[in-house]
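> predicted model, plus sequence, below.
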Amino acid sequence: ERQRENNARSITIEDRPVADGDTTVIDFEGFVDGEAFEGGKGENYPLVIGSHSFIDTFEDQLIGKNSGEEVEVNVTFPEEYQAEDLAGKPAVFKVKINEIKGKELPELDDDFAQDISEFDTLAEYKEDVKKKLQEQKEAAAKRDKEDEAIRKIIDKSKMELPEPMIEMQVQNIINDFA
């Protein structure tokens, strides 16, 4: 599935409104108390719906809207917003949806396997992925076991340090400090 996502094509959607996961290309301008504010304007901005990269419920309010539509989005800046003059204040954004884009995932078939790997069939590719994942999990389990064994050895170990070694370390620390 990750390979399908990596190889997805971006397509323009014209036959339905904005849905979660779509990328909208928008123009926007934000206003607080009827005044436009610095940094609140953008043109042809690609916004992934559901990414939560805009404040509050901005993205949610675009769901169900159509390409070409102009929308007023009402939001409130968070109390901990970096621009103190906007923190906690309600804002209105005038938004125009220029375009709606979605992902078209490739078919999960032999052709796909041939395009992304050296295998001829999807079954061979899946088997290889399964084998590699299993090897990774086994190596991780082995490392975890070794780390746990070393931790237990360290926890149960007691070591006597000779007094001259301690004195030498103290002297080194004093010299470094001087």
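Cool, got the structure.
> and the next helix or strand past the top helix by length along the chain?
Across the chain, the longest stretch assigned as helix under DSSP state H is helix 122-156. Helices and strands here follow DSSP states H and E; after helix 122-156, the next one along the chain is helix 163-177.
> quick check: chain neighbours aside, which residue is closest to the residue most central in space within the chain?
The C-alpha lying nearest the average C-alpha coordinate of the chain belongs to residue 51 (C-alpha atoms, centre = their mean; 8.3 Å). Counting by C-beta to C-beta, 6 or more residues apart in numbering, residue 51 lies nearest to residue 59, which is 7.1 Å off, once chain neighbours are set aside. Heads up, the C-betas are built off the backbone N, CA and C, glycines and all.
> need the pLDDT of the residue nearest to the centre of the chain.
Residue 51 carries a pLDDT value of 94.
> state the three-state secondary structure for it.
Following DSSP: H, G, I helix; E, B strand; the rest coil, the label given to residue 51 is coil.
> ok, now the one 3 residues further on?
Following three-state DSSP, residue 54 is assigned to coil.
> what is the neighbour count of residue 74?
12 (other C-beta atoms under 10 Å).
> and the residue nearest to it when sequence neighbours are not counted, what element?
For residue 74, ignoring the flanking residues on the chain, the nearest one in space by C-beta to C-beta, 6+ apart is residue 92 at 5.7 Å. For residue 92, the element it lies in under DSSP H and E is strand 90-104.
> what's the following helix or strand after that strand?
That would be, after strand 90-104 and using DSSP H and E, helix 110-116.
> figure out how far that following helix is from the centre of its chain.
Computed by C-alpha atoms, centre = their mean, to the nearest Å, the chain-centroid distance of helix 110-116 equals 27 Å.
> CA atoms only: put that helix into CSV for me.
Taking C-alpha atoms only, helix 110-116 is exported to CSV below (Å, rounded to 0.1, in the frame of the first residue of the first chain):
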residue,chain,number,x,y,z
ASP,A,110,1.4,-7.8,-12.2
ASP,A,111,2.0,-4.6,-14.2
PHE,A,112,2.3,-2.6,-11.0
ALA,A,113,4.8,-5.2,-9.6
GLN,A,114,6.8,-5.0,-12.8
ASP,A,115,6.9,-1.2,-12.7
ILE,A,116,8.2,-0.9,-9.1
